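Participant: quick one: sequence and predicted model below, then my questions.
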Amino acid sequence: MTKTTLKKHLHEAIDQIEDNSFLEAVYKIISTKVDEQEDLKLSNEQKRLLDERRKKHQKGESKSYSWEEVKKKARKSIKK
C-alpha cells in the first residue's frame, strides 16, 4: 500500500470513529511523531551558518579532521 493510500484510509477511518479516548490516543501518537520531525528541522540561521562553514571548508579555509583523527580524539576524551 502506498503512503498516499495509507493516509487516505487513515483519514476515512478516523472520520468514522466516535470513541474519544481512542481518538486522543491516536492524536498523541501522531503529534509525538510530528514533534520529532519538527525537532530535526534547521532554522534559517542554522542553514546559513552551515552553508558558510561548507564554503570555507571547500576553499580550504577551515580545519578538517579525518575519521581516524575524530575517533582518536573521542576515545581520548572518554578516558578522562
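Facilitator: All right, it came through fine.

Participant: all strands of this protein, in order?
Facilitator: Counting by DSSP state E, no segments of the chain form strands.

Participant: could you pull out the helices in it for me?
Facilitator: 3-16, 20-39, 44-58, 67-79 (DSSP state H).

Participant: mind putting those helices in a markdown table, mean neighbour count and mean pLDDT included?
Facilitator: Glycine gets a C-beta too; all of them are placed from N, C-alpha and C. Below are these laid out as a markdown table (neighbours: other CB atoms under 10 Å; pLDDT from 0 to 100):
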| stretch | mean neighbour count | mean pLDDT |
| --- | --- | --- |
| helix 3-16 | 10 | 95 |
| helix 20-39 | 10 | 87 |
| helix 44-58 | 11 | 94 |
| helix 67-79 | 9 | 92 |
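
Participant: tell me how far stretch 30-37 is from the chain's mean position?
Facilitator: 10 Å (CA atoms, centre = their mean, to the nearest Å).

Participant: swap that for stretch 53-69, sorry
Facilitator: Using CA atoms, centre = their mean, we find the averaged C-alpha position of stretch 53-69 to lie 24 Å away from the chain's own average C-alpha position.

Participant: how long is it end to end?
Facilitator: Distance between the boundary residues of stretch 53-69 (CA to CA, to the nearest Å) amounts to 20 Å.

Participant: domain parsing for the chain?
Facilitator: Taking automatic domain parsing as the domain assignment, the ranges for the chain are 3-39, 44-79.

Participant: residue with max distance from the center of this structure?
Facilitator: In the chain, the residue that sits farthest from the middle, by CA atoms, centre = their mean, is Glu18; the gap is 32.8 Å.
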